[in-house]
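Novice: this one's structure only:
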Ligand code: DX5
Ligand code: ZN
C-alpha cells in the first residue's frame, strides 16, 4: 500500500488546526508542506510561522517540499521546526551534493524534486545518498492542476535507477493525484503519493484519504 501525504497547501488557513487534526485522525502517513518563494515558482505559499504552527500539532512525519531558490540558507531552520523529510529542487541547487549532505548532517532525510521537464537520469551520481526522489507530476507552484501523463514513464526510470544503484530512496509523486490515477501510480512504483485538492475538496476528506490508500493495494 502506498503512503499518503496530504498537502496542507489546500487546507483552510482560516482554521488550520481543524485540518491538521483531521489529518492526525485519518489514515494519512505524512504531512506534505509546500514552501513557495515567488521566485523559483510564480506563487507564494506560507512561511515559518505556519510551518511552526502545523508542526507543533502534527503527529505524523513532516515532509517539507521547498520550491525556493537558495534553500541552503534555511536548512537548519527547517530542522529546528521539526521537519523530518526535507526536499529541495534539482533545478534550484547549483551544489546539490553539498546541499544533500548538509540536510543529512542536520539529521533530516534528504529528497530531491524534479520538474516535469527534468530528466531522472540526472540523479545518476547522487541517487545513492538520497532518501527520496520527488517526481513532479505538474509544474510546481499551484494546487489543483492537471496530472501530466509522462509521469508514469519517469517513475519507471526512477525505479530502474534506484535498483541499479542500490539506493534506498522512496519515489514520491506530487500534483494532480486522485482516485483516477493513484492505483496506476503505485503499480508503476510510486511509494508516496501527495494529494492536495483531491483530499481537501472531497466531501469527506478522511474517507478520501482511506480510499486513496486502499485503492493502491
Ligand atoms: C504543487 C505542490 C503540490 C500541491 C499538490 O506545486 O507541490 O504539493 O499541493 O496539489 P494537488 O494535489 O491539488 O495537485
Ligand atoms: Zn509539493
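Specialist: Perfect, I can see it now. What you see is a predicted model, and the numbers here were worked out from it, not measured in a lab. Numbers count the residues shown, from 1 in each chain. Ligands and ions are numbered 1, 2, ... in the order given.

Novice: hey, let's count contacts and neighbours off CA atoms from now on
Specialist: Noted.

Novice: can you give me the buried ones in stretch 9-21?
Specialist: 9, 10, 11, 17, 19, 20 (16 or more other C-alpha atoms under 10 Å).

Novice: keep only those that also lie close to ligand 1.
Specialist: Filtering these for neighbours of ligand 1 using C-alpha under 6 Å from any ligand atom leaves residue 9.

Novice: show me the buried residues of stretch 9-21 that map onto helices.
Specialist: The members of these that map onto helices under DSSP state H are 17, 19, 20.

Novice: circling back: can I get the buried residues of stretch 9-21 in JSON lines with pLDDT?
Specialist: Below are these laid out as JSON lines (pLDDT from 0 to 100):
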{"residue": "9", "pLDDT": "98"}
{"residue": "10", "pLDDT": "98"}
{"residue": "11", "pLDDT": "98"}
{"residue": "17", "pLDDT": "98"}
{"residue": "19", "pLDDT": "98"}
{"residue": "20", "pLDDT": "98"}
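
Novice: residue 104: which of the buried residues of stretch 9-21 is nearest?
Specialist: residue 9 (25.4 Å; C-alpha to C-alpha).

Novice: for that closest one, which non-adjacent residue is spatially closest?
Specialist: In this structure, residue 9 finds its nearest non-sequential neighbour in residue 34, 6.3 Å apart by C-alpha to C-alpha, 6 or more residues apart in numbering.

Novice: ligand 1 contacts on the chain?
Specialist: 7, 9, 34, 140-145, 174-177, 195-197.

Novice: could you redo the last one with a cut-off of 5 Å?
Specialist: 7, 140, 141, 142, 143, 144, 175, 176, 195, 196, 197 (C-alpha under 5 Å from any ligand atom).

Novice: so the last one is in contact with residue 142, correct?
Specialist: Read it as residue 197. No - counting by C-alpha atoms under 8 Å, residue 197 stays clear of residue 142, with 10.2 Å between them.

Novice: now do the residue nearest to residue 9, the pLDDT please.
Specialist: The score at residue 34 is 98. That number is its pLDDT.

Novice: run the chain-centre distance for the helix or strand encompassing it.
Specialist: Applying DSSP states H and E as the criterion places residue 34 in strand 30-36. Taking C-alpha atoms, centre = their mean, to the nearest Å, one finds strand 30-36 lying 6 Å from the centre of the chain it belongs to.

Novice: by contact count, what packs against the helix ranked longest in the chain?
Specialist: Criterion DSSP H: the longest helix present in the chain is helix 151-164. Packing contacts for helix 151-164, counted by 3 or more C-alpha pairs under 8 Å, 6 or more residues apart in numbering; DSSP states H and E, involve strand 132-136, strand 170-174, helix 182-188.

Novice: now mean neighbour count too, for the ones you listed, in CSV please.
Specialist: What follows is these, written out as CSV (neighbours: other C-alpha atoms under 10 Å):
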stretch, mean neighbour count
strand 132-136, 25
strand 170-174, 24
helix 182-188, 19
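
Novice: a markdown table for the ones you listed, including mean pLDDT?
Specialist: A markdown table is the format used below for the helices and strands packed on helix 151-164 (pLDDT from 0 to 100):
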| stretch | mean pLDDT |
| --- | --- |
| strand 132-136 | 99 |
| strand 170-174 | 99 |
| helix 182-188 | 98 |
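
Novice: all strands of the chain, in order?
Specialist: Counting by DSSP state E, one finds strands in the chain at the ranges 3-6, 30-36, 61-67, 85-89, 109-114, 132-136, 170-174, 192-195.
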